[in-house]
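> could you work out the structure for the sequence below:
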Amino acid sequence: MALNCDFRVLADDARFSMAEVTLGLVPDLGGTKRLTELVGASRALEICVTGRRISADEADRIGLATAVVPGADLQGAVADLAAAVLAADAGAVSEIKALLAGAPQRSYAEQDRAEREAQTRRLRDLMGTE
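Next comes the predicted model:
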């Protein structure tokens, strides 16, 4: 089952950069949009125009990483996270992802309604009713 989740587990010695500027280029492949969504416009601008390398600890602190683990534990941490995600109910995961993806565009009232509607769909699915 493909869930297309965006978890980022980094080894404690990992580094991240958007160094295209050092070559006179701009980040591409959607990197600027995703970076802005994760860390905000001001921090994304600073990261992109300086091309500086960000440590795993900073990446964790500013939201670029989901978790940071010792390098020797990376494979196990990724396996544990993957197992936990795959153990979750696929229908619930799908609804959660849709709720979170739409949350920035919705008001609190709209999000509350979307959550109620999603919960109703889940309960119907779990009970096997239409």
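
> show me which residues of stretch 32-46 are buried.
Residues of stretch 32-46 classed as buried by neighbour count (16 or more other C-beta atoms under 10 Å): 32, 35-36, 38-39, 44. Bear in mind the C-beta positions are built from the backbone N, C-alpha and C, glycine included.

> can you redo the residues you listed as TSV with distance to Arg8 and pLDDT?
Output for these, formatted as TSV (distance: C-beta to C-beta, whole Å; pLDDT from 0 to 100):
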residue	distance to Arg8	pLDDT
Thr32	17	89
Leu35	12	89
Thr36	16	90
Leu38	9	87
Val39	12	90
Ala44	16	92
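
> neighbours of Leu126, how many?
Neighbour count for Leu126, taken as other C-beta atoms under 10 Å: 11.

> that one in helix, strand or coil?
Three-state call for Leu126 (DSSP: H, G, I helix; E, B strand; the rest coil): helix.

> give me the neighbour count for Val9.
21.

> sketch out the low-pLDDT regions of the chain for me.
Scanning the chain for pLDDT under 70 picks out 1-6, 130.

> all strands for it, in order.
Using DSSP state E, the strands of the chain run over residues 9-11, 15-16, 54-55, 67-69.

> closest one of the buried residues of stretch 32-46 to Ile54?
Val39 (9.8 Å; C-beta to C-beta).

> please name the nearest non-neighbouring residue to Arg15.
Nearest residue to Arg15, sequence neighbours excluded (C-beta to C-beta, 6 or more residues apart in numbering): Arg53, at 4.6 Å.

> what sits against that neighbour?
When contacts are counted by C-beta atoms under 8 Å, 6 or more residues apart in numbering, Arg53 touches 15-17, 19.
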